[in-house]
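[1] Generate coordinates for the sequence data below:
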Amino acid sequence: MSAARRAPIWLFDLDNTLHDASQAVFKRLNGSMTDYIAQHLALPHEEADHLRRHYWQRYGATLLGLERHHGIRAAHFLAQTHALPGLEGELHSPRVDRAALARLPGRKFLLTNAPADYAKRVLTALDLVGCFEGIVAIEGMRVFGELRPKPDTRMLRVVLARLKLPAHRCVLVEDTLENLQSARRLGLGTVWMQHYLKHNPHGLPKGAPLHGKPAWVCVRIKRLRALHAWRSPRLG
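    Predicted coordinates:
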């Protein structure tokens, strides 16, 4: 088998995996979502912020709760909350890691719970658009009409079938443990990106340590360039 055919098929998360979203970007996103909820559901700011957190913890994405319980239109919510003027100037990603990503053998796809327009802006600003064969954003994560973002295994199974990607050849690179766990259930390789979790451990279950490795994580890394050294026997 050729080296190209042996190479993994990489599925990369975006925020806190390809760039540092743990401070400025997440803070602005959380604020814009809270403002949206306060405005469109006519709630006090504190109550809106509590609802945002509650739906994120319950569903993995605030939008799911708003869509299911309040009839909020996904397209409108995503466009309003992810506008983020000046976003490009707040992005941080080590140049050496971006270069390493560009050189990494294998097909690459972006798999993000963020909207497509936001994802494209981030990739463009980081000069990473050319690295990816395709982008699967939250708009493409509906299953039988219902929004099913990560960590939903049904969505992941549908996405793999749509892209004709064999699960046993795919590797998900993520900062969020729950998303890695669902991917592992389907037979994907899993890489836990920890570099940006120290200041905002949103991808960790409450009280979970950064040291050690859950059973569903194949490898944990702090730099994207470490992927060049990883060779999984299952993918060899």
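
[2] name the helices or strands packed onto the lengthiest helix in the chain?
    Secondary structure of the chain per DSSP state H: the longest helix is helix 24-40. Secondary-structure packing of helix 24-40 (3 or more Cβ pairs under 8 Å, 6 or more residues apart in numbering; DSSP states H and E): helix 45-59, helix 62-70, helix 74-81. Where you see a C-beta, it was placed from the backbone N, CA and C, and this is true even at glycine.

[3] Show me what the shortest one is packed against.
    Read it as helix 74-81. helix 24-40, helix 62-70, helix 116-125.

[4] Dump the ones you listed into CSV; add mean pLDDT as well.
    Formatted as CSV, the helices and strands packed on helix 74-81 follow (pLDDT from 0 to 100):
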stretch, mean pLDDT
helix 24-40, 95
helix 62-70, 96
helix 116-125, 97
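
[5] which stretches of this structure form strands?
    Assignment of strands within the chain using DSSP state E yields the ranges 9-12, 108-111, 134-136, 142-143, 146-147, 170-174, 189-193, 219-221.

[6] Tabulate these in TSV, adding columns for mean pLDDT and distance to Ala61.
    Compiled in TSV, the strands of the chain are given as follows (pLDDT from 0 to 100; distance: least, Cβ to Cβ, whole Å):
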stretch	mean pLDDT	distance to Ala61
strand 9-12	97	18
strand 108-111	98	14
strand 134-136	98	14
strand 142-143	96	13
strand 146-147	94	8
strand 170-174	97	15
strand 189-193	96	19
strand 219-221	94	24
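
[7] nearest to His45, of those?
    strand 146-147 (25.6 Å; Cβ to Cβ).

[8] Report the strands that pair with that closest one, each with its relative direction.
    Strand 146-147 has these partner strands in its sheet, going by DSSP bridges: strand 142-143 (antiparallel).

[9] Against His70, how distant is the nearest residue to Ala21 once chain neighbours are set aside?
    Leaving aside its sequence neighbours, Ala21 sits nearest to Asp15 (Cβ to Cβ, 6 or more residues apart in numbering; 3.8 Å). Remark: distance between Asp15 and His70 (Cβ to Cβ, to the nearest Å) = 24 Å.

[10] do the same with Arg95
    For Arg95, the distance to His70 - Cβ to Cβ - is 42 Å.

[11] neighbour-wise, which of those two wins?
    Taking neighbours as other Cβ atoms under 10 Å, Arg95 and His70 compare with His70 leading, 12 against 9.

[12] All set, thanks.
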